[in-house]
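Enquirer: Sequence and predicted model, in that order:
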Amino acid sequence: MIKHLLSVNDLTREDVVRILDTAESFREVGTRVIKKVPALRGRTVVNLFYEDSTRTRISFELAAKRLSADVINFSTSGSSVAKGESLKDTALTLQAMGADAIVIRHSSSGSPATLTRWVSASVLNAGDGTHEHPTQALLDLYTMRERFGQVDGLKVAIVGDVLHSRVARSLTFALSKMGAEATLVGPPTLIPPDAPAWGATVSHELDPVLPKVNVCYVLRVQRERQRRQFFPSVREYARFYGLSRERVAMLPEEAMIMHPGPMNRGVEIASDVADLPRSVITEQVTNGIAVRMSLLYLMLAGERVPEGGGAHAA
Amino acid sequence: MPPRPTRKVLLRGARLVDPASGRDGTTDVLVADGQVAALGRDASSSGASVLDCSGLVVAPGLVDLHTHLREPGREDKETVETGCRAAAVGGFTAVAAMANTDPVADNAAVIQEVLALADKAGLCEVFPVGAITRGLEGESLSDIGEMATAGVRMFSDDGKCVQRARVLRMALEYANAFDVVVAEHCEEESLAEGSQMHEGYYSSVLGLAGQPREAEEAIVARDLQLARLTRGRLHLCHLSAGGSVELVRRAKADGLRVTAEVTPHHLALTDEDLTGYDTNRKVNPPIRSEEDREALRAGIADRTIDAIATDHAPHAVEDKEQEFDHAPPGTIGLETALAVALTELVHTGLAPLQQVLAAMSTSPARILRASGQGGPIEPGSDANLVAFAPESTWVVDAPFASKSRNCAFLGRTLRGRVVHTIFRGDLVVGDGEAAR
Amino acid sequence: MTGGHPAGTAGGRETRLMDETEIRRATTRIAHEILERNKGPGDLVLVGIAARGDDLARRLAAEIRRIEGADVPVGVLDITFYRDDIGLRADAPEVHETRIGFDVAGKTVVVVDDVLYTGRTVRAAMDELVDFGRPRAMHLAVLVDRGHRELPIRADFVGKNVPTRADERVRVALREVDGEDAVLLGEGPR
């Protein structure tokens, strides 16, 4: 298995299948009374969260603890991260602490890649700027696979602010890798012109796309984008691209509605349908822990790679 | 052991390539008392230190139209002295030092300070560039006339672009009285706002805000129109976009007094080279696509682009060892420029050696009106020369003569290496090492 | 002589230690022994160690059903996460399914595996099982005991004792997985 998970593109299709299959076993562990296995005893996992994200951090924390690893949390509230210590200095401290894995969430794209230059630990990207959020994509794939039996051939609409979405990038790359079809939908100002080269089709009209998809994946659209001229008003955005009750009715009956959270009611999703993704959200929490356990296990349970080891361990 | 400075040197058996005279042949060059004393087999060598230059090319010392010496203000990154040393190690005998120092070089006093520091270092000639506008604010003209009298040949707000057309128009018109050139860093600020790299496929997958090539091309077009309006002398700094080259080509065909430069890193790299988030490749203007690189190379080949200029931009280690979007843009370039030009243009057959050397010495010297630089190499001319081994391969790595080490080419193998640099007759660099 | 099988032949010659009939007789005998020791099917549960231990466990349950008419619950246990050599092998070991669909607390658990060798797999199985609950007792049934214990573990029910060298390999083929029933001895590690 790879040493660092910085981007979905670091994984082969076989890697993804292995991660999802192993996650099945970890989901079973989650049903036991003792939801813990000794597999990563003696390993230290550090959560380095420069951005507030209680949900993702707790998911990684539980995943590491259920593998019997020791967990250290460095998050923005408190500790040197808040005091303005440079990323490099923090990295050197973690290296000295003997971290085996560092899970990093940061507002600057590329920070996990930069971090790998200063530590010998495995680095897992928990979301970097507008670049990628690979574990979210894996967890989404897992949920889709569970619902539909397989990912190959699925049709997924990803709707909203693709330009600023790390989730959209990771998910598009992941779907493409697994033989699913991604359609990106949003105003032209919020979809990068080069997006078709990611392996997706692009549409600026939402209604014609809806009846054809298995999954409608709604991205968060921040109100501030309006101030920077990405669309004229929230009302216009919601009218042309928001998921309303009428639009939900256009979806096929077995279609799944997903949202990576947190939701902006009244922008990308109408208040009266905001509860529809809710059922999936609970699954996502359980699945998220299992997928993250699978990743940590596969990345750390192999031989410790000596300093200077390449992208793929042994 | 670096050789001691010496006033009489015989360069024996060199292949002399002199773009100013068109000469290309094997000969001896005798340097004495700061000048080229004699050429050819007759050059008497009594009392001279002899440098065996068989296998080496000797050319006019290189002239850089675009360097940041950082002094006054950021002496932690570079000083006039260390910058000149880096220039000499790179084969340059003259550099134009940009005005975005602290304080800004928008008056004669700063200019004189920089000249004095350069004289003291005695490693190469420095042509301080004056700011177009006070404080680089783009609003009011700086003391163009006074600075021209103090010796300034080029004016530029580089680092920034003059956003208001009226201001640039005034600068071009006013400068006509002094036969100086106005050099623009072309960047439409609202299109480039917040950008970290070129806007394209790679910026989209790396999740970095991009700047479209139109951010440069729009200003290039505007400034050419203003050059036409004012009949002024315009120079365009570090072109990065294919469309800019085409605009310049047409403007020259129309007879406008425009010149242009391109950096070695824009000739060598593309935006694909930014995967991996190496901050040393974060530059402004950004390194663009393969299509743009091809157009820039074609621009050198057909002389639409007059000069290769380094845009040597030193930054402190802690500034560059940061998250990509926090790091300031810029790469050092004086010590690798010739090698990159040889590797990417000459050894690939894209442009002949004489033409590349012209772009790095004769043409920039002409733009700066720098007599004594850029050849021709003939008896009586100032002895500003570079001797280099065109086939010698080496891997770019610290230590550098520059105080900084933010080099876009770290770890790369280049083909071509400066061996000796002679500045006003002094062997300032011998066997690749600075003499002082 | 068997042909190649996907489930890891070491290559080279293999000697057949037990054939289909011998395996069947051993399985029947073990089923009787389990019932004898436990004084009937009572609170018995069978837990097979994946892979192949679970197929054997299912066969034992079928035998017990034939002998006593009683249905003994069968579970499958993957011990990968409890191995003691995590971090010592080049790559993270492959994981199989675990399914224990019943409570082990208070039960007599018979752990079933195909080959007992160093004892480390059984040690892992025991540690994992106690995390499911507190059994009343645990017993161990194996088809083959090949010696070379590295931990103080012993089998309660054994199909066949086979002394081996460390450089030899014992492989159990089962109809459910490999298409035929055989116990084979060959050259090569494990």
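Expert: Arrived safely.

Enquirer: Quick check: C:T98 vs C:D71, distance?
Expert: Using C-beta to C-beta, to the nearest Å, we find C:T98 at a distance of 21 Å from C:D71. Every C-beta, even on glycine, is put in place using the N, C-alpha and C of the backbone.

Enquirer: Could you do A:Q136 as well?
Expert: For A:Q136 relative to C:D71 (C-beta to C-beta), the value is 44 Å.

Enquirer: Now do the same contact list for the closest residue to chain C within the stretch 301-436 of chain B.
Expert: Nearest residue of the stretch 301-436 of chain B to chain C (C-beta to the nearest C-beta) works out as B:G411 at 29.1 Å. Each residue near B:G411 by C-beta atoms under 8 Å, 6 or more residues apart in numbering or on different chains is listed here: B:V395, B:V396, B:D397.

Enquirer: wait, which of those is closest to B:N100?
Expert: B:V396 (25.9 Å; C-beta to C-beta).

Enquirer: re earlier: let's see which of the contacts of B:G411 end up in strands.
Expert: Taking DSSP state E as the definition of strands, those contribute B:V395.

Enquirer: care to break chain B down by domain?
Expert: B:8-58+B:380-434, B:61-367 (automatic domain parsing).

Enquirer: Dump those domains into JSON lines; add mean pLDDT as well.
Expert: Converted to JSON lines, those look like this (pLDDT from 0 to 100):
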{"stretch": "domain B:8-58+B:380-434", "mean pLDDT": "94"}
{"stretch": "domain B:61-367", "mean pLDDT": "97"}
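
Enquirer: among the contacts of B:G411, which ones are buried?
Expert: Buried residues within the contacts of B:G411, counting neighbours by 16 or more other C-beta atoms under 10 Å in any protein chain shown: B:V396.

Enquirer: which residues does A:A126 contact?
Expert: By C-beta under 8 Å, 6+ apart, the contact set of A:A126 is A:N47, A:F49, A:S53, A:T56, A:R57, A:F60, A:V103, A:I104, A:R105, A:H133, A:T135.

Enquirer: Now the element after the helix or strand hosting the fifth one, going C-ward?
Expert: With the criterion set as DSSP states H and E, the secondary-structure element containing A:R57 is helix A:54-66. Past helix A:54-66, further along toward the C-terminus, the next helix or strand under DSSP H and E is strand A:70-75.

Enquirer: before we move on, the earlier item: nearest to C:N161, of the domains of chain B?
Expert: Closest among the domains of chain B, using C-beta to C-beta: domain B:61-367, at 59.2 Å.

Enquirer: re earlier: higher neighbour count, C:T98 and C:D71?
Expert: C:T98 (24 against 10; other C-beta atoms under 10 Å in any protein chain shown).

Enquirer: So which bits of chain A are right by chain C?
Expert: Residues of chain A that fall close to chain C, judged by C-beta under 8 Å from any C-beta of the partner chain: A:1, A:21-22, A:24-25, A:28-29, A:32-34, A:36-40, A:67, A:297-304, A:313-314.

Enquirer: Show the residue spans covered by the helices in the chain.
Expert: The chain I'm using is chain A. Along chain A, counting by DSSP state H, helices occupy A:13-29, A:54-66, A:79-82, A:87-96, A:111-116, A:134-148, A:166-177, A:224-227, A:234-241, A:245-250, A:278-300.

Enquirer: try again with chain C
Expert: Counting by DSSP H, the helices of chain C are C:20-38, C:53-68, C:120-132, C:175-178.

Enquirer: Against which helices or strands is the first one packed?
Expert: Taking 3 or more C-beta pairs under 8 Å, 6 or more residues apart in numbering or on different chains; DSSP states H and E as the contact definition, the neighbouring helices and strands of helix C:20-38 are helix C:53-68, strand C:137-145, strand C:157-161, strand C:182-187.

Enquirer: Distance from the longest one to the middle of the chain?
Expert: Put simply, helix C:53-68 sits 12 Å off its chain's centre (C-alpha atoms, centre = their mean, to the nearest Å).

Enquirer: now do stretch C:146-162
Expert: That offset, for stretch C:146-162, works out to 11 Å (C-alpha atoms, centre = their mean).

Enquirer: which other residues reach that stretch?
Expert: The contact list for stretch C:146-162 (C-beta under 8 Å, 6+ apart) reads C:17-18, C:22-23, C:26-27, C:29-30, C:33-34, C:37, C:110, C:115-120, C:122-123, C:139-145, C:163-164, C:166, C:170, C:183, C:185.

Enquirer: List the buried residues for it?
Expert: Buried residues in stretch C:146-162, counted by 16+ other C-beta under 10 Å: C:R146, C:R149, C:I153, C:A155, C:D156, C:F157, C:V158, C:G159, C:V162.

Enquirer: out of those residues, who's nearest chain A?
Expert: Nearest to chain A among these, counting by C-beta to the nearest C-beta, is C:I153 at 18.1 Å.

Enquirer: Could you pull up phi and psi at that closest one?
Expert: Backbone torsions for C:I153, taken as degrees, to the nearest 10, come to phi -130, psi 140.

Enquirer: Any stretches of the stretch 151-300 of chain A with poor pLDDT?
Expert: By pLDDT under 70, the weakly predicted segments of the stretch 151-300 of chain A are A:278-279.

Enquirer: what does it put close to chain B?
Expert: A:R166, A:R169, A:P192, A:P193, A:D194, A:A195, A:A197, A:W198.

Enquirer: re the thing from before, looking at the helices of chain C, spot the one closest to A:T76.
Expert: That would be helix C:120-132 among the helices of chain C, by C-beta to C-beta, at 35.6 Å.

Enquirer: In that closest one, which residues are buried?
Expert: Neighbour-count burial for helix C:120-132 flags C:R120, C:T121, C:V122, C:R123, C:A124, C:A125, C:M126, C:E128, C:L129, C:D131, C:F132 (criterion: 16+ other C-beta under 10 Å).

Enquirer: what's the answer for stretch B:254-266, then?
Expert: The neighbour-count check on stretch B:254-266 (16+ other C-beta under 10 Å) flags B:L256, B:R257, B:V258, B:T259, B:A260, B:E261, B:V262, B:T263, B:P264, B:H265, B:H266 as buried.

Enquirer: now that stretch, how far from the centre of its chain.
Expert: 12 Å.

Enquirer: That one spans what distance, first to last residue?
Expert: 26 Å (C-alpha to C-alpha, to the nearest Å).

Enquirer: For A:G127, state which of the buried residues of stretch C:146-162 is nearest.
Expert: C:I153 (46.2 Å).

Enquirer: Torsion angles phi and psi at the closest residue to B:L368 other than its chain neighbours?
Expert: What sits nearest to B:L368 in space, not counting adjacent residues and going by C-beta to C-beta, 6 or more residues apart in numbering or on different chains, is B:R153, at 4.7 Å. Taking degrees, to the nearest 10, you get phi -110, psi -20 for the backbone angles of B:R153.

Enquirer: didn't B:R153 look like it was pressed against B:A370?
Expert: Yes - taking C-beta atoms under 8 Å as the definition, B:R153 is a contact partner of B:A370 at 7.3 Å.

Enquirer: Overlap in contacts, these two.
Expert: With C-beta under 8 Å, 6+ apart, B:R153 and B:A370 have common neighbours B:F127.

Enquirer: For B:L168, what are phi and psi?
Expert: B:L168 has phi and psi values of phi -70, psi -40 when expressed as degrees, to the nearest 10.

Enquirer: wait, what's in contact with the closest residue to chain B within chain A?
Expert: Closest to chain B within chain A is A:H131: 2.9 Å, counting by C-beta to the nearest C-beta. Counting by C-beta under 8 Å, 6+ apart, A:H131 touches A:S7, A:S109, A:G110, A:N125, A:R166, A:R169, B:L206, B:G207, B:L208.

Enquirer: per-domain residue ranges of chain A.
Expert: According to automatic domain parsing, the ranges for chain A are A:8-133+A:284-300, A:134-277.

Enquirer: For chain C, give me its nearest residue in the stretch 151-300 of chain A.
Expert: A:L298 (4.9 Å).

Enquirer: Now do the strands in the stretch 301-436 of chain B.
Expert: Under the criterion DSSP state E, counting those that start in this stretch, strands of the stretch 301-436 of chain B are mapped to B:307-308, B:385-395, B:413-423, B:426-430, B:433-434.
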